[in-house]
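Q: How does the following fold in three dimensions:
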Amino acid sequence: MTENIYSSVPEESFSEDDTSMNYRKPIELFLKERKGSFFTAKEIAKELGYPTTGSQIDLRKAITILLTIDKVPIIGTAKGFSYAVNHHQMNFYADKLEERMLGLQRRIKAVREVSGMMTCD
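A: The predicted structure follows:
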């Protein structure tokens, strides 16, 4: 089984000829020129002339690839995406991701416990 680096993006929706591959450089330049400012996926799509309907899955995949493969310092928060200004900001982002992961693990455990308490109908 391959690792899904796209978090909420379904792994089967990615391919090398995917539109997200063409989004990478424009997104990187857009965020880098506005370093420290935050933009939602929809705002980035609108500014770059990409489709703004739905959840911008190709744009989100491109951002994930920029971070995980191209090693571009992009962070994502509730405010949107931003080009990180320094390593402290990247470390803070990593800490927040870890907190979210621990929260999800606690929720998974609780769901499994409740599931185990349910009777079969």
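
Q: Would you mind pulling the contact partners of the helix or strand containing residue 27?
A: Using DSSP states H and E, residue 27 maps to helix 19-33. The contact list for helix 19-33 (C-beta atoms under 8 Å, 6 or more residues apart in numbering) reads 14, 39, 44, 47-48, 50, 57-63, 65-66, 70, 72, 74, 81-83. For the C-beta atoms, the positions are set from N, CA and C on the backbone; glycine is no exception.

Q: now do 7 Å
A: 44, 47-48, 50, 58-59, 61-63, 65-66, 70, 72, 74, 81-83 (C-beta atoms under 7 Å, 6 or more residues apart in numbering).

Q: Same check on stretch 70-80?
A: With C-beta under 7 Å, 6+ apart, stretch 70-80 has contacts from 24, 28, 31, 38-40, 43, 63, 66-67, 81-84, 89-90, 93.

Q: now with 10 Å?
A: Stretch 70-80 is contacted by residues 7, 24-25, 27-28, 31-32, 35, 37-44, 60, 62-68, 81-87, 89-90, 92-94, 96-97 when judged by C-beta atoms under 10 Å, 6 or more residues apart in numbering.

Q: still on that earlier bit, and the contacts of helix 19-33, which of them are buried?
A: 44, 50, 58-59, 61-63, 65-66, 72, 74, 81-83 (16 or more other C-beta atoms under 10 Å).

Q: Now do the buried residues in the host helix or strand of residue 99.
A: Assigned by DSSP H and E, residue 99 belongs to helix 87-117. The neighbour-count check on helix 87-117 (16+ other C-beta under 10 Å) flags residue 93 as buried.

Q: repeat for stretch 50-59
A: Across stretch 50-59, burial judged by 16+ other C-beta under 10 Å covers 50, 56, 57, 58, 59.
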